[in-house]
Each structure stands twice: as C-alpha cells, then as structure tokens.
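Below are the sequence and a predicted model; questions follow.
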There are 2 protein chains.
Amino acid sequence: MRTMSPPVGLPALADTDLVGQVARVLTQAVVQGRLPPGAKVVEAGIARELGVSRAPVREAARLLERQGLLVAHPRRGFFVRKFEIDDIDEIYDLRLCVERHAAVLAARNLTPQSRDKLRRQIDVLHTTADLDDPARQVEEDYRFHRLICEIAGNRRLLRLFDDLASELRMVIGLIGRLYDDPHEIARTHEPVLAAIEEGHPERIVAWVEYHIGHAWREVGRLVREIPPHGALKDEANTVRARSQFARKRKPVLQRSKA
Amino acid sequence: MRTMSPPVGLPALADTDLVGQVARVLTQAVVQGRLPPGAKVVEAGIARELGVSRAPVREAARLLERQGLLVAHPRRGFFVRKFEIDDIDEIYDLRLCVERHAAVLAARNLTPQSRDKLRRQIDVLHTTADLDDPARQVEEDYRFHRLICEIAGNRRLLRLFDDLASELRMVIGLIGRLYDDPHEIARTHEPVLAAIEEGHPERIVAWVEYHIGHAWREVGRLVREIPPHGALKDEANTVRARSQFARKRKPVLQRSKA
DNA sequence: CAAGACTAAACTGTCGACAATCGACGCTTA
DNA sequence: TAAGCGTCGATTGTCGACAGTTTAGTCTTG
C-alpha cells in the first residue's frame, strides 16, 4: 500500500489502463487511415500486434463503437465506419450548430487570457501554413476551434466537438489534402475571433456560419469529386485491412508499473 | 448457406447480442435509479444476477462509459455518474442548442405525415396527463421532442438527443416527480408545433427557447431545493448499490437461439 | 481513545481456452 | 455455365481462472 500523504504535484501517472491505450492506438489507426473505412477489425490480429489478449481489444472497440468510429456487426466483428455524402452533411450540420453556440458562449466568458490564446493560435495557423504539412495544418485548425469550445465552458459540448472532429479527421484523411491556400484559411479565422472579441451574438453567428459553411462546401466538393478508393461508397464491400496491421508478436503496449 | 432467393416475409430475427442486452438492462437500472448515482457497479454481481460472465458486462459498461452514464476509475471499477448543478446546466444548454436547430430543420422537412405524428403526440401528452404517472408523462414528453429530432433528419443529432435524454432521465429520476400540472406542460408544446408548422425560423427558435428554458429553470429549481439522498453532491462518497442488485443466480438473459 | 499498521476478503485486469458461427472455395448437378 | 450444397479454416462470443490491487475490518500502540 502506498502512503498517499503528500498531495503535491501530479504528473497524472501513466494510466495502467490497457483499454485506454488500445483505444488510443485504434483511434489513431482509424483516423490516420491505416485502417480504411469498411475494413474489418480482426480482434486477434490487433491483439497479437499489440501484445495483449483480445479482451482489452474488444473493450476498446466498444468504446470506439459508441464514438461512431467503428460499427459492430454481431457475429461478424467490428468494422471501420464508412462515410457517405450524407454523413459529411450531417457532421457539418451538427458542427455548425454546436460551434455557433460555442462561439457565443465563448464571447460571454472571454477573458484577456483566453483571448490571447485564440490570438496566438491564429499566429500558429499562419506559421504552420508555411510548412506544407497538411495534416499539421488541419490539426492546428481544429485546435483553434476546440479552444473556442473550451472557453465556452460546457464539457459536454467540448466532448461533442471532439467526437465530430475525429470523424472529420477520417474524412479529411480520405481526401488527402484539403487546403489550396493554407494562408487564406488562416486568415479566415480572424473575423471569427474579431466577432467574438466584439461580443455581438449576431455577428458571431454570422461569421461562424460563414467560416464553417465555407469548409463544409469545400469538403463536400472535394469528396464528391474524388471518391477515394471507393471508401465513400455505401455498400458493404469489406475492405481488407492493410498489411501493416497483420502479424507480429512483440508487446507494443506496456502496463506502466506506476 | 441459405438460399436467400424469395424476399418474402421477415420475422426480423432477435438479436443474439448479449452485450447489447446487458447494456440495455444496465442503462435501465441506471436511469431508473436502481443503481443510484455514485454507486459502484460490481461486475461480478451484475454478471451473476444476469447469469452471464463478466466479459459481456464489462463490454456493456464500456458502452455506457462512453455514453456518460458510468465513469471508469481504473483499478477501482465502474461507478454510476454523479450529477452536480453544473451538469444540469450543461445538459440543458446543449439540449437547447440542439433542439433549436432540430426544430428549424424539422420545419424545413415537414410533411403532412410528420406533422400528424407531432399533433398526435401532443394528444397523447394530454391523455397521459390524466393518468398521474409521472414517469410515463416524462417519457411521452421526450417522445415529442425526439420526434422533432427524427424529422430533422440528422442521425447524429438524434443520437445526441438520446444521450442527453438518458442523462436527463437520471436527473429527473432523482428529483422524483417533475410536473406540478401535467396538462399545463402538455399545452406548452402546442405553440412549438404551431411555430414549426408556420415555418418561420425566428419564431421557432423563440418558442423552443421558451419551452426548454422553462423546463431548465424548473428542473434547476427543484434540484437546488431538493438534493435527494445527497446524490447530487460532488464528493466521492461511494453510494452502495441497492440490495435489489445484489445476489441471485438464475439466468435472466438468454441468447435467443434463433 | 484516536491514528496507524496489518490481515483477509472482495474486486478488477487480463489471459487462454472452447464451442458456435461465418465466409470462402470447390464440387455437384441441372 | 451458373445456382446450390457441403466442408474447412478463420474469427467471434463467452467463460473460468489467476495474479495483483483496493477496501473493509481488526488489532496495536502512543
């Protein structure tokens, strides 16, 4: 038993939580497209590769199922969620609904500190734009929007945003690259922040709608033009997982003996 | 393999899905308060009572965890989510955000059929009001709002509504009874529907805000007044599950050998 | 008598094992 | 040649077992 007396410092010790680790790994594999939409998630395979038994893998898969990244077909296994055009519209529709609200709340809660964070994130967007690293750019973009949700101060709203974002990451991963002109994108964030600083709800809503609506149309267009690997088809043709997730045996995950 | 030629008749075979059944049972136990907030969910206990092993129980628990009904404390088990005042504000804030949007979409998609469904549901609300069955009344109330989300036609939005509703059911279960005058509540749904029929976005938003805002304030008031069993306290005092979920051994769930 | 140490019982985290089921392949038959 | 059937390997659904932790309860000790 440990004494547990000095309540100082909290490195938030690594989670002994195998399930959590597996869930993270799986999530990454999905959003990065290493497990393409429609792919069957073979429990034993993942388990072997990660050096664990199937139990934690199944539990992690349940988590992702509820999150919407995987779909469970009883007796047939877990499959990576497929997207259709409708899904993209749904996701953006909901995202718009949520972020509009978040932005208004954020304006209400805005402090000098949080305002600076937003400003700085826009700077990051600009500097990242020079890097020619689309994935990074997308990530920093989300970070800005996530910041708004954080400032809004509703944890459930933030979680919802994260869920939507991971679905979007999948979609964008499929498309490949998203932005024609990263700097242009970075700039379009500015009026959103300006409106939030100004604090006028109607202006905020208008700018958020403009900003997200733009992304919506853009993604919609790209997806319609480039249906990559047929991954956006709506039929049940099972795609095979790529060989990378195939067979190995050495433990990759470790229970960090705290 | 079966022949699959004549597409005649379909008895819609029962789900063999044990995990799904367990998840449903657990969800009910939680929202009905048989597992009070803060209660530890002992895997072996549930498993024994349901006549299954721990594996399906754990998987079901993961589902509920992701849904927010349970909280997982590594190495300590699953606990029923506790609510604080903040949670109620969060839930209603998000609900308002979502339903406002849903109602506008619903108006856009409204067909004579869907309009009738809404009308009929309001009738049900009125007839149920005479029954003095608060739980039922709450359920029919939600059904009306859920219908709006259905008509809105965004599946993710509908799922979000369901998640929020199950959290609210928990809260309301805690409070005990909610409505002072069920008929009054039934009536307040009418202008919402009227606005949807009329189709004017601003009016719709206004009425939804009025309607839900009313419920919000009401629930907030009741919760603040009556902190039942200390279940709304925010501290980590583990509540014991009620004896009902204690020890038995006969299998309750069955794999329907279809 | 209260704070702390110690012990035993109760649980959780994982694993490996097995039976049931699914899907693919190849053979048979109109 | 194409639809139907049977077989076999691959994979899922569950279980029971075990080791390591956490918790509750008891016993010391200042």
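It's in.

check which helix or strand covers A:Glu190.
Using DSSP states H and E, A:Glu190 sits within helix A:182-198.

Would you tell me whether the helix or strand that that helix is followed by gets close to chain B?
Using DSSP H and E, the helix or strand that follows helix A:182-198 in sequence is helix A:201-225. No. Interface with chain B: helix A:201-225 contributes nothing (C-beta under 8 Å from any C-beta of the partner chain), its closest point being 11.3 Å away. Heads up, the C-betas are built off the backbone N, CA and C, glycines and all.

which helices and strands does helix A:201-225 pack with?
Judged by 3 or more C-beta pairs under 8 Å, 6 or more residues apart in numbering or on different chains; DSSP states H and E, helix A:201-225 is in contact with helix A:85-109, helix A:155-175, helix A:182-198.

In chain A, what residue comes closest to DNA strand D?
Across chain A, no residue is closer to DNA strand D than A:Gly77, which sits at 3.4 Å (C-beta to the nearest atom of the strand).

Bridged to that residue, which residues?
Legend: beta-bridge partners of A:Gly77 under DSSP bridges are A:His73.

roughly how far apart are it and B:Val22?
Distance of A:Gly77 to B:Val22, computed by C-beta to C-beta, to the nearest Å: 19 Å.

With A:Ile196 instead?
45 Å.

wait, what's in contact with A:Gly20?
A:Ala60, B:Pro74 (C-beta atoms under 8 Å, 6 or more residues apart in numbering or on different chains).

Check A:Glu167 too.
With C-beta under 8 Å, 6+ apart, A:Glu167 has these contacts: A:Gly68, A:Leu69, A:Arg81, A:Phe83, A:Asp87, A:Ile91.

ditto for A:Glu43
Contacts of A:Glu43 (C-beta under 8 Å, 6+ apart): A:Arg54, A:Val57, A:Arg58, A:Ala61, A:Gly77, A:Phe78.

Show me which residues of the stretch 1-150 of chain A sit near DNA strand C.
A:1, A:3, A:16-19, A:47, A:51-56, A:75-76 (C-beta under 7 Å from any atom of the strand).

before we move on, back to that, give me the buried subset of the contacts of A:Glu43.
Among the contacts of A:Glu43, those classed as buried by 16 or more other C-beta atoms under 10 Å in any protein chain shown are A:Arg54, A:Val57, A:Arg58, A:Ala61, A:Phe78.

The third one and B:Leu63 touch, don't they?
No. In this structure A:Arg58 lies outside contact range of B:Leu63 using C-beta atoms under 8 Å: 11.5 Å.

tell me, what's touching the two both at once?
By C-beta under 8 Å, 6+ apart, no residue touches both A:Arg58 and B:Leu63.

What sits closest to the residue nearest the centre of chain A if chain neighbours are left out?
For chain A, the residue nearest the mean C-alpha position is A:Ser166 (2.3 Å; C-alpha atoms, centre = their mean). Spatial nearest neighbour of A:Ser166, excluding adjacent residues (C-beta to C-beta, 6 or more residues apart in numbering or on different chains): A:Val31 at 5.7 Å.

With A:Leu96 instead?
A:Ile212 (4.9 Å).

I'd assumed A:Asp93 was in contact with that neighbour.
No. A:Ile212 is not in contact with A:Asp93 according to C-beta under 8 Å; the separation is 9.9 Å.

Sort the residues of the stretch 1-150 of chain A next to DNA strand C by pLDDT and name the bottom one.
Looking at those by pLDDT, the weakest one is A:Thr3, with 34.

Of the residues of the stretch 1-150 of chain A next to DNA strand C, which are in range of chain B?
Within those, those near chain B by C-beta under 8 Å from any C-beta are A:Thr16, A:Asp17, A:Val19, A:Ala55, A:Arg75.

By neighbour count, which of those wins?
Neighbour counts for those (other C-beta atoms under 10 Å in any protein chain shown) peak at A:Val19, which has 23 neighbours.

Around DNA strand D, pick out the residues from chain A.
Counting by C-beta under 7 Å from any atom of the strand, the residues of chain A that sit close to DNA strand D are A:1, A:40-45, A:54-55, A:58, A:72, A:74-78, A:257.
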